[in-house]
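Novice: sequence unknown, structure follows:
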């Protein structure tokens, strides 16, 4: 009994739970850093990760043709999610289109190429593990604790901002490609107080 009491909990000292989204000021800080460092690929990847709200596995698997038509970067795109096999649509804002266009031109990419090819010969595109390392580099570069943030930070950032501004859960559910609204509630980490506040503001 005493041995059990002295055993430390498995999660002591570890960060568990959801990775927090970036704040708007963090997004701009990372963008400015990548621009100043002339990191063309990373700026395209960062902007697209924020806009698309895709899981890391879906982001790294994008082909150039998924976000282009001819020489134009599409304002909207759709992909089938690997995890759920459900299609999800996303928007590409003007800064994201500009960043992708600059990257495609610099890397001389063709429609059939992966949008973010790997620099390693054994991998055709950036792996999810490489992507996770890149995300850590981004947040560390602006002075944030990289252990707190991860690839899901990128997926959650814009979704969280949209929810905070609109309180429209159904819209966020569609943007994230969740089949159930409960999944979106859990994913955003909506608190009971938040839900009650919405309820109080809804007159019948």
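Specialist: The structure has been received and is ready for your questions. Predicted model only: the values in this text are computed from it and were never measured. Numbering: from 1, shown residues only.

Novice: was I right about residue 93 contacting residue 51?
Specialist: Yes: at 5.7 Å, residue 93 and residue 51 qualify as touching, with contact defined as C-beta atoms under 8 Å. Every residue, glycine included, has its C-beta placed from N, CA and C.

Novice: if you count surrounding residues, which of those two has more?
Specialist: The residue with more neighbours, out of residue 93 and residue 51, is residue 51; 19 against 14, by other C-beta atoms under 10 Å.

Novice: could you point out which element follows the host helix or strand of residue 130?
Specialist: In this assignment (DSSP states H and E), residue 130 forms part of helix 128-141. Remark: after helix 128-141, the chain's next helix or strand is helix 151-166, criterion DSSP H and E.

Novice: packing partners for the following helix or strand past that following helix?
Specialist: Per DSSP H and E, the first helix or strand lying C-terminal to helix 151-166 is helix 169-176. The contact analysis (3 or more C-beta pairs under 8 Å, 6 or more residues apart in numbering; DSSP states H and E) places helix 169-176 against strand 87-91, helix 151-166, helix 181-188.

Novice: ok, and what's touching the first one?
Specialist: I take that to be strand 87-91. 51-54, 75-81, 174-177 (C-beta atoms under 8 Å, 6 or more residues apart in numbering).

Novice: returning to what we had before: any idea which of the helices and strands packed on helix 169-176 gets closest to residue 31?
Specialist: helix 151-166 (12.4 Å; C-beta to C-beta).

Novice: circling back: between helix 151-166 and the helix holding residue 130, find me the angle.
Specialist: Computed by axes from the mean of the first three to the mean of the last three C-alpha atoms, to 10 degrees, the angle separating helix 128-141 from helix 151-166 equals 60 degrees.

Novice: what are the buried residues along helix 128-141?
Specialist: 128, 130, 131, 134, 135, 136, 138, 139, 141 (16 or more other C-beta atoms under 10 Å).

Novice: so which of those residues comes closest to residue 152?
Specialist: residue 135 (9.4 Å).

Novice: with adjacent residues omitted, what lies nearest to that closest one?
Specialist: residue 151 (5.5 Å; C-beta to C-beta, 6 or more residues apart in numbering).

Novice: lowest average confidence across helices and strands of this protein, where is it?
Specialist: Lowest by mean pLDDT, DSSP states H and E among the helices and strands of the chain is helix 2-6, with a mean of 47.

Novice: so which elements touch the next helix or strand after that one?
Specialist: Proceeding N to C from helix 2-6, the next assigned helix or strand is helix 24-36, under DSSP H and E. For helix 24-36, the elements it packs on are helix 40-52, helix 128-141, judged by 3+ C-beta pairs under 8 Å, 6+ apart.

Novice: what stretches of this protein score poorly on pLDDT?
Specialist: Residues of the chain that meet the criterion pLDDT under 70 lie in 1-17, 190-196, 198.
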